[in-house]
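Student: sequence and computational prediction follow.
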Amino acid sequence: GNSVTQMEGPVTLSEEAFLTINCTYTATGYPSLFWYVQYPGEGLQLLLKATKADDKGSNKGFEATYRKETTSFHLEKGSVQVSDSAVYFCALSASYGKLTFGQGTILTVHP
Amino acid sequence: NAGVMQNPRHLVRRRGQEARLRCSPMKGHSHVYWYRQLPEEGLKFMVYLQKENIIDESGMPKERFSAEFPKEGPSILRIQQVVRGDSAAYFCASSPRDTNEKLFFGSGTQLSVL
């Protein structure tokens, strides 16, 4: 079956530090890959996505590249802000909206 | 344009009671998904519904859990005879069509079973 593994958190960084959250997946076929973000007290929001190998998703300074050879979709940001503090979920979907999520990574950014 | 609305935000039940969780999808969305997040775990797919139809319920426990999305009104996730292991955050998501391009999530219902 499909599965997603994220690096364990929590991750604590200082403002303007570089961020990497690792994500690897196992799936049959060619799934679409997503990063969702959940701010305190809110629902999940789509941060970025990639639908095929070598695609790069990007949004709000975050980037992730669909690497089929390493089955990875690592999230990166060059300079984090306090407002980026949230829980980040890597996910994949082989069909419609049936998503398989990783366990989530808590990010805390200090001033 | 209101987002996906879930209520209640917090629901407390005693063991053996029934829990009803409601989800109103975004306007114009006819596809609804329910996910459950157990403590310290990621979200797990439960069920996918379209208006008046259950499309995929492969993630639903076989007993005590049911879901509906009637022609009129919100989608309902119903848990009968709740047990402590049902304590979790339940999230609803909607989309305008059969797609994995983008789901819109609600803020969730936190169910606590005493």
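Tutor: Alright, I've got the coordinates. Residues are numbered from 1 along each chain as shown, chains lettered A, B, ... in the order given.
Student: strand partners (parallel or antiparallel) of the helix or strand of chain B with the lowest mean pLDDT?
Tutor: Taking mean pLDDT, DSSP states H and E as the measure, chain B has strand B:104-105 as its least confident helix or strand, at a mean of 91. In the sheet, strand B:104-105 lines up against strand B:88-95 (antiparallel) (DSSP bridges).
Student: using CSV, list the CA coordinates for the partner strand.
Tutor: Written as CSV, here are the backbone C-alpha positions of strand B:88-95 (Å, rounded to 0.1, in the frame of the first residue of the first chain):
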residue,chain,number,x,y,z
ALA,B,88,-9.3,12.1,17.8
ALA,B,89,-9.6,15.1,15.6
TYR,B,90,-11.9,14.6,12.6
PHE,B,91,-11.4,16.6,9.5
CYS,B,92,-13.6,17.2,6.6
ALA,B,93,-12.5,18.3,3.2
SER,B,94,-14.3,19.2,0.0
SER,B,95,-13.6,19.6,-3.7
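Student: neighbouring contacts of that strand?
Tutor: Strand B:88-95 has contacts (CB atoms under 8 Å, 6 or more residues apart in numbering or on different chains) with A:43-44, A:97, B:4, B:6, B:21, B:23, B:25-26, B:29, B:31-39, B:43, B:75, B:77, B:101-106, B:108-111. From N, CA and C alone the C-beta is placed, and that goes for glycine too.
Student: if we can go back for a sec, show me what counts as buried in the helix or strand following the least confident helix or strand of chain B.
Tutor: Using DSSP states H and E, the helix or strand that follows strand B:104-105 in sequence is strand B:109-113. For strand B:109-113, the neighbour count (16 or more other CB atoms under 10 Å in any protein chain shown) marks B:109, B:111, B:113 as buried.
Student: reformat those residues as CSV; add pLDDT and distance to chain A.
Tutor: Below are the buried residues of strand B:109-113 laid out as CSV (pLDDT from 0 to 100; distance: CB to the nearest CB, whole Å):
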residue, pLDDT, distance to chain A
B:109, 97, 11
B:111, 97, 16
B:113, 97, 22
